[in-house]
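[1] would you be able to build a 3D model of this:
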Amino acid sequence: MSTAIRIKLSLMMFLEFFIWGAWFVTLGTYLLHNLNASGTQVGVAFLTQSIGAIVAPFIVGLIADRYFSAQKILGVLHLAGALLLWRASSAPDFNSFYPNILTYMVLYMPTLALVNSIAFRQMQNPQKEFAQVRVLGTLGWIVAGLTIGWLNWEQTNSLQATFLMAAGAAALLGVFSFTLPATPPVKSGQSSSIGDLLGLEAIGLLKNRSYLIFFLASIAICIPLAFYYGFTNPFLNEVGMKGAAAIQSMGQVSELLFMLAIPLFFSKLGVKKMLAIGMGAWVLRYIFFAYGNGDSNYWMLIAGIVLHGVCYDFFFVTGQIYTDNLAGERFKSSAQGFITLATYGVGMLIGTLLSGDIFDKYTLGSDSHDWRMIWLIPAGIAAVVLVLFLLFFRERSGAVATNSTEAPVAYGETSAVAPG
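    Residues are numbered from 1 along each chain as shown. Sure, this is the predicted structure:
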C-alpha cells in the first residue's frame, strides 16, 4: 500500500469517527437541557443506533456489495448525513429532532462497514496494515471530545454546535470519499436471502452450549451498556465535572491501549477469564459512578471512565475473537454480523428503553436525579449476568469450528470494531 493511499485511508477513518464522537457523547445532555426531553425520549434517541445497526446489512449487502462502488456510496451517505445533522441542529423540540437523527443513523451505521471494506481492499496484509489506519478512527473520536471540552460548549449550553461541527465534517468526508481508491462491488449479479444479510446462516453456532451462553450474555450485558451511552455525559455534567466530554475521551484512550494488549492477555488468560473480567469491570464502573461525586470521590468518576477500555475490549473484542474462532472460514462474516445484530440490535434496543424509564423514575426535580440508584441498577444487571456466565460457561481449549472443518484462526484475523 502506497503512502498516499495510507494517508487517504487514515484521514477517512479520522473523519468517520470524529463525526460520530462530535455529537453522540453529549446527545443525552443536549436533549435534556436544550430540548427538555424526558429520560424515555433520550433512550428512544439512542435507540436509533440499534435501528441503524439492524438496517445496515441491507444497505451494504443489497446496494454496496452489488451495484455501486463502496467509496461512492460512502460519499452519498455522508453528504445526505451532513444535511440531516444540520437540520437536527435547528430542531426546536424533540418531535422535530427525532426524525432527522433516526434517518441519519440509518444512513450512518452502514458507513462503518463501508470504511472497513474500502480499507481492507487496498491492503496486501490487513493483519499488519489495518491497525495503523484504524487507530486514526479512535483518535478522531478523542479529538472530537477534546474539542467540545476546549470550546466549553457543555458549560455554555452551546451543544447545538456539536451537530453543526459534525455536519461540517460529514460534508468534508462526503466530498473526500469520491477521491478514495476505487472499491467496486464484489458480488455483482449474486443474490442473497435476508438471513444471509443478517448473518443468520451462522445460527448453527448456538448449538454449541458454551457459545449459546456467551451469546445470551452478550445481549444481556448490552442492557447496562445502554445506560453508559445515554446518561454518562448528563451525569458528569450534573455532578459538576468541567469539560465532561473531553474527560470522557480518556475512555477511548484506555480502549486503544487495552486493544493493543489484547493478544497478550488473550494468550495468558483465555476466553472465559477475559470475558468475565470485562463483565466484572462493568459492575465496578457503575459502582464507581454510583458513589462518585465532584468533590472527595472525584477519583471514582475518573476511574469509571478509564475502565472503559477493560469494559469494552475484554468483553466485546474478546467475544468477536471467540466468535471468529468458532465460526470457521465459511461463516466468518455472517457470524460477526450475527453477533453485532444481537448486541447493538437486540441488546441495545432493550437497554435504551429500560435506561430511559429508570432515569425518569429517579428524577427528583428539573435538574436533580438520584444517580446512585440510576447506576446501581445497571451494576446489578451486570453482576447477575457475570454470575450466570461463570456458572454455566465452559471454556474448551482447542475449540473446533462448529460449522466447518477449518481450524481456529489467530487473533489478527478478527474483524474491526468501532469505538465502544
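
[2] output the contacting helices and strands for the host helix or strand of Asn100.
    Here Asn100, judged by DSSP states H and E, is contained in helix 94-121. Helix 94-121 sits against helix 3-24, helix 39-59, helix 70-89, helix 126-150, with contacts defined as 3 or more CB pairs under 8 Å, 6 or more residues apart in numbering; DSSP states H and E. C-beta here means a position set from N, CA and C on the backbone, and glycine is covered the same way.

[3] a markdown table please, covering the ones you listed and showing mean neighbour count, mean pLDDT and distance to Leu256.
    Below are the helices and strands packed on helix 94-121 laid out as a markdown table (neighbours: other CB atoms under 10 Å; pLDDT from 0 to 100; distance: least, CB to CB, whole Å):
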| stretch | mean neighbour count | mean pLDDT | distance to Leu256 |
| --- | --- | --- | --- |
| helix 3-24 | 21 | 95 | 12 |
| helix 39-59 | 22 | 86 | 21 |
| helix 70-89 | 22 | 95 | 24 |
| helix 126-150 | 20 | 87 | 5 |
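
[4] what does the pLDDT read for Phe68?
    Per-residue confidence (pLDDT) for Phe68: 79.

[5] do you know how far the residue nearest to it when sequence neighbours are not counted is from Lys72?
    Take Phe68 and drop its neighbours on the chain: the residue closest to it by CB to CB, 6 or more residues apart in numbering is Pro185, 6.6 Å away. Here the criterion is CB to CB, to the nearest Å. By it, Pro185 lies 10 Å from Lys72.

[6] please apply the same query to His33.
    39 Å.

[7] low-confidence ranges in the stretch 201-350 of the chain?
    Within the stretch 201-350 of the chain, the stretches with pLDDT under 70 are 201-202, 328-337.

[8] now with 80?
    Within the stretch 201-350 of the chain, the stretches with pLDDT under 80 are 201-205, 259-260, 263, 320-321, 324-341.

[9] list the buried residues of stretch 275-289.
    Within stretch 275-289, the residues scored as buried using 16 or more other CB atoms under 10 Å are 275-289.

[10] what are the contacting residues of it?
    214, 217, 221, 224-225, 227-228, 232, 235, 269, 300-301, 303-304, 307-308, 310-316, 318-319, 322, 371, 375-376, 378-379, 382-383, 385-386, 389-390, 393 (CB atoms under 8 Å, 6 or more residues apart in numbering).

[11] please repeat the previous calculation with a cut-off of 7 Å.
    214, 221, 224, 235, 300, 303-304, 307, 310-311, 314-315, 318-319, 375-376, 378-379, 382-383, 385-386, 389-390 (CB atoms under 7 Å, 6 or more residues apart in numbering).

[12] show me the strands in the protein, by range?
    Counting by DSSP state E, the segments of the chain that form strands are 363-365, 368-369.

[13] how about those in CSV, adding mean neighbour count, distance to Ser96 and mean pLDDT?
    Shown next, in CSV, are the strands of the chain (neighbours: other CB atoms under 10 Å; distance: least, CB to CB, whole Å; pLDDT from 0 to 100):
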stretch, mean neighbour count, distance to Ser96, mean pLDDT
strand 363-365, 10, 23, 85
strand 368-369, 16, 26, 90
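
[14] quick one: closest of the ones you listed to Phe265.
    strand 368-369 (36.0 Å; CB to CB).
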